[in-house]
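Engineer: A predicted structure for the sequence below; I have some questions about it.
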Amino acid sequence: MSQFTKDHQNQTKQNQSGITRRRSLQIIGSVLLAPSALYAAQTKAFGTPPLNKIKQVSWQGIVLGSDASILLTTENETHAKTTIKKMLMEVKRLESYFSLYQNNSLINQLNKNGVYKSPPKEFKTLITEAVKYSKLSDGAFDPTIQPLFMAYKNLSNVNSSEDSARHPSVKEAINLINWKNIEITSNHIAFKIPQMAITLNGIAQGYITDRAVEILKANGFENTLVNFGEYVGTGSKHPEKNIEHGWNIQLGKTDTNETAPEIWNLKNNALAASSHGGYQFNGQTGLHHMLDPRTGSNQPAWRKIYVLAETATKADAASTALFASPPEQIKKLSEKLKLQKTLIIKSNGARLII
């Protein structure tokens, strides 16, 4: 591992103490390496032996608390390394806006003061996107859910999820959840009522992934696979053959009886996944962090949800919204969001494909 990779991992180490939504996704068939060698390659900083002048460049680290990786093909390895370094500087800047685990991040300043004046373009853009998906999902996705998360976290020693749901602090938190109380103007972002707080954990990873892909494209890299919690694949894994195969991603096993996990192919689109296993408030109750903002409880029907969409921002928000939705709303919401494909693993292991 190079010093560059170590430095970036050290810079983002504090994120590892927060929620990590387990993605259960695996890359199948790298550009120049056999599948079995892929993860060994990702632990190295850069470079593989040349093949027809085309090289695979890889990087691995942590972004917003999740494992992150980049794979790209190029004939100019030096330019690739320089571009990735520049891109990671942008990622670090965006993390300083959106991370709840950096004390002085812009989102923490907004949550503390209830207002942020003259917000940077990206901060305003992402909160505007979060509000858009809140409206489209009828509140199944809602960034103002943060007080509810904190209420449950503070009650994590309670032995019954029912007791937790009836606790005054939880009821008070539910009353603070409403995306309509976020005010966005040309000069500021503000909360309309006191004690509100937001989280962008259900959309920020997707947004940063999209931004990383934009930077790579702007610097001439058309065949890339970026994983910052969500996957975006561009171009082909075999550019030297001029074959548009895209990138194959294997979805995780849903239970021990499943022998043929599904494989989705990325061709200039994005894949996101949400799982109830990412964070549990209390192992005795099974209450997990994928909460329904409208009721303050978990939807018991779902185990994992996978979404294919044109951008990682959309896929990220959609997988979060769908996980909070009851069975009778799933198909309608998936169609309303105009998702390319949705796979839902029910709690009993059954599959639903939309």
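Structural biologist: All right, it came through fine.

Engineer: mind telling me what element the closest residue to L155 other than its chain neighbours is part of?
Structural biologist: When the adjacent residues along the chain are set aside, L155 lies closest to S164, with 5.0 Å between them (C-beta to C-beta, 6 or more residues apart in numbering). All C-beta spots, glycine's among them, are computed from the backbone N, C-alpha and C. Taking DSSP states H and E as the definition, one finds S164 inside helix 161-166.

Engineer: helix or strand right after that helix?
Structural biologist: Using DSSP H and E, the helix or strand that follows helix 161-166 in sequence is helix 168-175.

Engineer: list the contacts of that next one.
Structural biologist: Contact with helix 168-175 is made by P147, L148, M150, A151, Y152, N154, L155, S164, T295, G296, as judged by C-beta atoms under 8 Å, 6 or more residues apart in numbering.

Engineer: again, only this time at 10 Å
Structural biologist: Here helix 168-175 makes contact (C-beta atoms under 10 Å, 6 or more residues apart in numbering) with 144-152, 154-155, 158, 163-165, 167, 193, 195, 197, 291, 293-297.

Engineer: for that helix, buried residues please.
Structural biologist: Neighbour counts over helix 168-175 (16 or more other C-beta atoms under 10 Å) mark V170, A173, I174 as buried.

Engineer: for those, give me a markdown table that also has pLDDT.
Structural biologist: Below are the buried residues of helix 168-175 laid out as a markdown table (pLDDT from 0 to 100):
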| residue | pLDDT |
| --- | --- |
| V170 | 86 |
| A173 | 94 |
| I174 | 94 |
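
Engineer: so what's the gap between stretch 220-240 and the chain middle?
Structural biologist: 17 Å (C-alpha atoms, centre = their mean, to the nearest Å).

Engineer: may I have that stretch exported as PDB, CA atoms only?
Structural biologist: Taking C-alpha atoms only, stretch 220-240 is exported to PDB below (Å, rounded to 0.1, in the frame of the first residue of the first chain):
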ATOM      1  CA  GLY A 220     -10.500  11.800 -20.400                       C
ATOM      2  CA  PHE A 221     -11.300   8.500 -18.500                       C
ATOM      3  CA  GLU A 222     -14.200   6.800 -20.100                       C
ATOM      4  CA  ASN A 223     -13.800   3.300 -18.800                       C
ATOM      5  CA  THR A 224     -14.200   3.400 -15.000                       C
ATOM      6  CA  LEU A 225     -15.800   1.700 -12.000                       C
ATOM      7  CA  VAL A 226     -16.200   3.900  -9.000                       C
ATOM      8  CA  ASN A 227     -17.500   2.500  -5.700                       C
ATOM      9  CA  PHE A 228     -18.000   5.000  -2.900                       C
ATOM     10  CA  GLY A 229     -20.800   3.000  -1.200                       C
ATOM     11  CA  GLU A 230     -22.700   3.000  -4.500                       C
ATOM     12  CA  TYR A 231     -21.300   1.700  -7.800                       C
ATOM     13  CA  VAL A 232     -21.100   3.700 -11.100                       C
ATOM     14  CA  GLY A 233     -19.700   1.900 -14.100                       C
ATOM     15  CA  THR A 234     -18.800   3.800 -17.300                       C
ATOM     16  CA  GLY A 235     -17.600   2.500 -20.600                       C
ATOM     17  CA  SER A 236     -16.300  -1.000 -20.900                       C
ATOM     18  CA  LYS A 237     -14.200  -3.500 -19.000                       C
ATOM     19  CA  HIS A 238     -12.600  -4.400 -22.300                       C
ATOM     20  CA  PRO A 239     -11.800  -1.100 -24.000                       C
ATOM     21  CA  GLU A 240      -8.800  -2.600 -25.800                       C
END
